[in-house]
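J.: turn this into a structure:
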Amino acid sequence: MRAAARRIERHIVRTPLRHSPWLSAASGADVYLKLETLQPTFSYKIRGAFNAVLTLVEQHGRQAPPLVTASAGNHGRALACAARSAGLALTVYVPVTAPRTKIEAIGRAGAELKTCRDYDEAEALAKQHGATGAALFVSPYSHADVIAGAGTIALEILDDRPDIDTIVVPVGGGGLVSGIATAVSSLSARPTVVGVEVEASAPFTQSLAAGRIVTIDVNPTLADGLSGNLDPETVTFEIVRRLVSRIALVTEHQLEEAVGGIAREERLIVEGAGAVAAAAVLAGVVHMPSRRVAVILSGANIDLEKLKTLI
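T.: Numbering: from 1, shown residues only. Below you'll find the model as predicted:
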């Protein structure tokens, strides 16, 4: 992850860790916001995307293959940006329900778009595409270089505030929380890592309870970037099982309150998936009185009409 940090530093923003008097007062903890919403693609996904692409170019040079991926939006946009910078072709399978702002941004970045019924179908078709040998499949979460890129967030948080004792992380496919948990597991002072899912799509909560990856019913959610089942072959399940303290759940109402509250109180735009960690702290789902807490705001790509309604 230190190597990943050096590899991607020219392509990302070293985002601020900003104190939040609002969430601190609401929770009784000392809360800091890690503003990944300020990345060039408005999501933390740029870290893993650039690390994966640059590592591939280091290994293969001009012979690096075309790429294919599945994405609810943010990973596709980030990978399209990284692929374009390296001169690589990219195909992105996206659910038709993805926010228009995300789909349009992927197209503007030069990727070929293929729309699908939902995220589960997008991931299945992207993996099939990769299996033909026509392109290399880059998972948005179950990929060592993507996970390492995400883990650089933890390194920055603890460089800025070594006294942070809890990191609260949004959880979809588990790439971000796996990177964060792996990064802190090697440190002498290990902050507690808490993941947060939405009740409408909680594959880790149900899979951990079952002791194996299970298929869940996925319901509509404001956190579109976290929605969908886990790849049965994902490496993230075992990492989360071993290294993440617990997975908390938030409701749609709690999530809506957080997105609107962050806009009003923090003057920040954050999408549903990017706000789940803050929602858990705001709603008291994660109890941390008198602790120093870092909350990751992971993305800002929300349709503005939806944001206006929530404000």
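J.: wait, R84 sits on I106?
T.: No - at 11.0 Å, R84 and I106 do not qualify as touching, with contact defined as C-beta atoms under 8 Å. Bear in mind the C-beta positions are built from the backbone N, C-alpha and C, glycine included.
J.: more neighbours, the two?
T.: The residue with more neighbours, out of R84 and I106, is I106; 26 against 15, by other C-beta atoms under 10 Å.
J.: hang on, the more buried one packs against A80?
T.: Yes - using C-beta under 8 Å as the test, I106 is close enough to A80 to be in contact (5.3 Å).
J.: need the residues touching each of the two.
T.: Residues touching both I106 and A80 by C-beta atoms under 8 Å, 6 or more residues apart in numbering: V92.
J.: what sits closest to S142 if chain neighbours are left out?
T.: Among residues not flanking S142 along the chain, T234 sits closest, at 4.0 Å (C-beta to C-beta, 6 or more residues apart in numbering).
J.: so that neighbour, which of the three states?
T.: Three-state call for T234 (DSSP: H, G, I helix; E, B strand; the rest coil): coil.
J.: do I have it right that it meets S178?
T.: No - with contact defined as C-beta under 8 Å, T234 and S178 do not form a contacting pair (9.2 Å).
J.: compare neighbour counts for these two and give me the winner.
T.: Using other C-beta under 10 Å as the criterion, T234 and S178 rank with S178 on top: 32 against 22.
J.: so how far is D303 from that one?
T.: Noted for S178: a distance of 28 Å to D303, by C-beta to C-beta, to the nearest Å.
J.: next one: Y141
T.: Taking C-beta to C-beta, one finds Y141 at 23 Å from D303.
J.: which one of these two has more residues nearby?
T.: Using other C-beta under 10 Å, the more surrounded residue of Y141 and D303 is Y141, with 26 against 14.
J.: what about the strands in this protein?
T.: 17-19, 30-35, 67-70, 90-95, 112-116, 136-137, 166-170, 192-198, 246-250, 292-297 (DSSP state E).
J.: dump these to a markdown table, plus mean neighbour count.
T.: Shown next, in a markdown table, are the strands of the chain (neighbours: other C-beta atoms under 10 Å):
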| stretch | mean neighbour count |
| --- | --- |
| strand 17-19 | 15 |
| strand 30-35 | 24 |
| strand 67-70 | 29 |
| strand 90-95 | 25 |
| strand 112-116 | 16 |
| strand 136-137 | 18 |
| strand 166-170 | 26 |
| strand 192-198 | 25 |
| strand 246-250 | 20 |
| strand 292-297 | 26 |
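J.: can I get those in JSON lines with distance to T101 and mean pLDDT?
T.: Shown next, in JSON lines, are those (distance: least, C-beta to C-beta, whole Å; pLDDT from 0 to 100):
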{"stretch": "strand 17-19", "distance to T101": "24", "mean pLDDT": "98"}
{"stretch": "strand 30-35", "distance to T101": "19", "mean pLDDT": "98"}
{"stretch": "strand 67-70", "distance to T101": "18", "mean pLDDT": "98"}
{"stretch": "strand 90-95", "distance to T101": "12", "mean pLDDT": "96"}
{"stretch": "strand 112-116", "distance to T101": "14", "mean pLDDT": "96"}
{"stretch": "strand 136-137", "distance to T101": "25", "mean pLDDT": "98"}
{"stretch": "strand 166-170", "distance to T101": "18", "mean pLDDT": "97"}
{"stretch": "strand 192-198", "distance to T101": "20", "mean pLDDT": "97"}
{"stretch": "strand 246-250", "distance to T101": "23", "mean pLDDT": "98"}
{"stretch": "strand 292-297", "distance to T101": "17", "mean pLDDT": "97"}
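J.: among the ones you listed, which comes closest to R212?
T.: strand 246-250 (15.4 Å; C-beta to C-beta).
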